[in-house]
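[1] for reference, the sequence and a predicted model appear below.
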Amino acid sequence: MSQNLIDLSLDAERLGRLDAALAAVETELAGMAALGPEQTRELTKMGAKSEAFVRQSTVAFAENPGVLPRNFDLEGFQRELATLDALRPRLQRIKRLQERMAGAEVALGSDLMNAALEGYAVLKVSGRGEGMEALKRLLSQRFSRTARSAAAQPEPVPAG
């Protein structure tokens, strides 16, 4: 292989540990909300300026709890802000892990594709007359424009 962007091996033992760790993370995150795009679109968002407003509100509310309506859950409000602050660094770590895993997936795919192309090029030239015609035909389907375009076209609908 002329290209080797990543040299990674995931044996059964390592995969078992990884799966156990992911199961533990999934268990700990079970109470988190999964919102759909429409639901997310309808929500009031908290950007940087809004976050400053929320944090200032926390101080103002704590200093003047008698001004708030009786049904305002100040403890719940403060708890949610603390939870957001605790969640964010962990979310960043998970995002970094996801980026690394996605990068590994792309690198492995690129390494494999380059090696397959390299091997195919050699096979096309040196595999003549060695009973490899069926294998070469099978591999050449990747580059066949007619096979792909024919497969992508819908079946004709019978008239009548």
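    Sure thing, it's come through. Source: prediction; values computed, not measured. Residues are numbered from 1 along each chain as shown.
[2] okay, buried residues for the strand or helix carrying Arg55 please.
    If you go by DSSP states H and E, Arg55 is part of helix 48-63. Residues of helix 48-63 classed as buried by neighbour count (16 or more other Cβ atoms under 10 Å): Thr58. From N, CA and C alone the C-beta is placed, and that goes for glycine too.
[3] now the angle between helix 48-63 and the helix or strand following it, please.
    Scanning forward in sequence from helix 48-63 by DSSP H and E, the next helix or strand is helix 74-126. Angle of helix 74-126 versus helix 48-63, following axes from the mean of the first three to the mean of the last three Cα atoms, to 10 degrees, is 150 degrees.
[4] counting contacts, what elements does the helix or strand following helix 74-126 pack onto?
    Next along the chain after helix 74-126, taking DSSP H and E as the criterion, comes helix 133-140. Packing partners of helix 133-140 (3 or more Cβ pairs under 8 Å, 6 or more residues apart in numbering; DSSP states H and E): helix 74-126.
[5] report all helices and strands that the helix it packs on contacts.
    By 3+ Cβ pairs under 8 Å, 6+ apart, helix 74-126 packs against helix 48-63, helix 133-140.
[6] off-centre distance for that helix?
    What separates the centre of helix 74-126 from the centre of its chain is 6 Å, taken as Cα atoms, centre = their mean, to the nearest Å.
[7] check stretch 6-22 too.
    17 Å.
[8] how about stretch 5-16?
    Counting by Cα atoms, centre = their mean, stretch 5-16 comes out at 19 Å from the chain centroid.
[9] spit out the contact partners of the closest residue to Gln78 other than its chain neighbours.
    Nearest non-adjacent residue to Gln78, counting by Cβ to Cβ, 6 or more residues apart in numbering: Thr58, 6.3 Å away. For Thr58, the contact set (Cβ atoms under 8 Å, 6 or more residues apart in numbering) comprises 77-78, 81.
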